[in-house]
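Visitor: Sequence first, predicted model second:
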Amino acid sequence: PDGALVAVGRSGDLVRVSVVARPPGAGALPFEVRHEAFAFAEETVGTVP
């Protein structure tokens, strides 16, 4: 949504994306929605250590 804060970080073989946003819609709701997702970095998928 407009105004969302998106952060991307890396921890070893993992990429982390976090998003913080106010819910869309009429009226100002008194909270934010937050979520994080983790995934293997593209260059590490299918590699043998």
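Guide: The structure has been received and is ready for your questions.
Visitor: And Val8, how far from Val45?
Guide: Distance, Val8 to Val45, using Cβ to Cβ, to the nearest Å: 17 Å. (Each C-beta comes from the backbone N, C-alpha and C, glycine too.)
Visitor: just Ala21 next, same as before
Guide: Distance from Ala21 to Val45, by Cβ to Cβ: 29 Å.
Visitor: In terms of neighbours, single out the busier of those two.
Guide: Ala21 (15 against 9; other Cβ atoms under 10 Å).
Visitor: Check what pLDDT the nearest residue to Ala21 once chain neighbours are set aside gets.
Guide: Leaving out its chain neighbours, the residue that sits closest to Ala21 by Cβ to Cβ, 6 or more residues apart in numbering is Ala4, at 3.8 Å. pLDDT, Ala4: 92.
Visitor: can you check Gly46 too?
Guide: pLDDT for Gly46: 76.
Visitor: Reduced to three states, what does it come out as?
Guide: coil (DSSP: H, G, I helix; E, B strand; the rest coil).
Visitor: how far away is it from Gly12?
Guide: As judged by Cβ to Cβ, Gly46 and Gly12 stand 17 Å apart.
Visitor: okay, Leu29: pLDDT?
Guide: Reported pLDDT at Leu29 in the predicted model: 72.
Visitor: For the nearest residue in space to it that is not next to it in sequence, which residues are in contact?
Guide: In space, and not counting its chain neighbours, Leu29 is closest to Pro23: 5.2 Å by Cβ to Cβ, 6+ apart. Contact analysis of Pro23 by Cβ atoms under 8 Å, 6 or more residues apart in numbering lists Pro1, Leu29, Phe31, Val33.
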